[in-house]
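J.: How does the following fold in three dimensions:
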Amino acid sequence: MVTEDDLTLSDGRTLHVYDAAAHDTCGRRVVVWHHGTPNTGMPPEPLLAAADQRGIRWVSYDRPGYGGSTPLEGRDVASAAADVAAIADALGIGSFAVMGHSGGGPHALACSTLLPDRVVAAVSVAGLAPMSAKGIDWFGGMAGPGAAELHAAIEGRQALEKCLASSEYDPRMFTASDHGTLAGDWSWLLTVVALAQAGGPGGMVADDLAYVRPWGFDPASTVAPVLIVQGGQDRIVPRAHGAWFARHLRSSTLWLRPMDGHISVLGSAVAAMDWLTEHAHD
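T.: As a prediction, this is how the structure comes out:
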């Protein structure tokens, strides 16, 4: 069971919040889910049954500009930490773990870095490294449309909005394994992408601008245990990004899935939940 509610923040903004297993929260480990770009924030439906079996309670939200959440002008990746802290406070949650896929990965790491007294473990699946990362070709191996979108973001909002308005879906961004995964349980992603796009490009624009600007925190200072899950064939977030995190995060573990792409790597998500259960200590 997933419930939805609107949380009004002290600055007057609204966050649309999702809470799974709200009927049975006693003793459950809370994991805050951070969605990708462009998605809405509902908890990952393909993982709900496995989470329930493991005593995991998903909590999540639409990032500002998506779904039912008010836009936040000029938001950076770090701003996710304050929003998540406000959600946890409102729900009476003390400590929690975080998990993010794709664009959700950096936002999960923002929470683990900036909320060290609350975040007990983190998982980033196919998440971008900071634009300032040294020692990697940030765009190397990135599919043309995705690279063009982020190059436009570097130029600024106007260039990015023009790029998004004229871009068309290119199935070559995804591997054969990605397409197979999207034809199965993870077809759910197509639903949340459609919901996000129905609300206009605002959330996606805000996300892309945040990815290529200073994040507002240094992920290398994260002290919580972090699992990096990376597909070796990923054409959206190439493997060098995951490898960079593995080299620079002091308590990180890298799961490199050589044959997986950006979506098929989610086949490791249930095992990642088990990792969280083993490594999350209050």
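
J.: which residue ranges form the strands in this protein?
T.: Along the chain, the stretches classed as strands by DSSP state E are 2-8, 14-20, 29-34, 56-61, 96-101, 119-125, 226-231, 252-257.

J.: just the angle between the second one and strand 29-34, please?
T.: Just to be clear, that refers to strand 14-20. Strand 14-20 runs at 140 degrees relative to strand 29-34, counting by axes from the mean of the first three to the mean of the last three C-alpha atoms, to 10 degrees.

J.: residues in contact with residue 180?
T.: residue 264 (C-beta atoms under 8 Å, 6 or more residues apart in numbering). For glycine as for every other residue, the C-beta is placed from the backbone atoms N, C-alpha and C.

J.: again, but for residue 202
T.: With C-beta under 8 Å, 6+ apart, residue 202 has these contacts: 65, 66, 71.

J.: OK, contacts around the residue positioned nearest the centre of the chain?
T.: With distances taken as C-alpha atoms, centre = their mean, residue 104 lies nearest the centre of the chain, 1.1 Å away. Residues in contact with residue 104 (C-beta under 8 Å, 6+ apart) are 33, 34, 35, 36, 39, 124, 125, 127.

J.: Equivalent analysis for residue 10, please.
T.: Contacts for residue 10 were tallied using C-beta under 8 Å, 6+ apart; they are residue 86.

J.: Neighbours of residue 60, how many?
T.: The number of residues packed near residue 60 is 26, by other C-beta atoms under 10 Å.

J.: List the contacts of residue 232.
T.: Contacts for residue 232 (C-beta under 8 Å, 6+ apart) come out as 239, 256, 257, 258, 259, 260.

J.: can you pull the pLDDT of the fifth one?
T.: For residue 259, the pLDDT comes out at 98.

J.: any idea how far residue 168 is from it?
T.: Distance, residue 259 to residue 168, by C-beta to C-beta, to the nearest Å: 28 Å.

J.: and if you look at the last one?
T.: To residue 168, residue 260 is 25 Å away according to C-beta to C-beta.

J.: Have a look at the two and say which one is more surrounded.
T.: Remark: of residue 260 and residue 168, residue 260 carries more neighbours, 25 against 5, as counted by other C-beta under 10 Å.

J.: And stretch 130-138, end to end?
T.: Stretch 130-138 has an end-to-end distance of 9 Å (C-alpha to C-alpha, to the nearest Å).

J.: Show residues contacting it.
T.: For stretch 130-138, the external contacting residues (C-beta under 8 Å, 6+ apart) are 106, 129, 154, 211-215, 219, 240-241, 243-244, 247-248.

J.: I only care about those residues that end up buried; give me the ChimeraX line for that.
T.: Typed into ChimeraX, the line below selects the buried ones among the contacts of stretch 130-138, using 16 or more other C-beta atoms under 10 Å:
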select :106,129,211,212,213,215,219,240,241,243,244,248
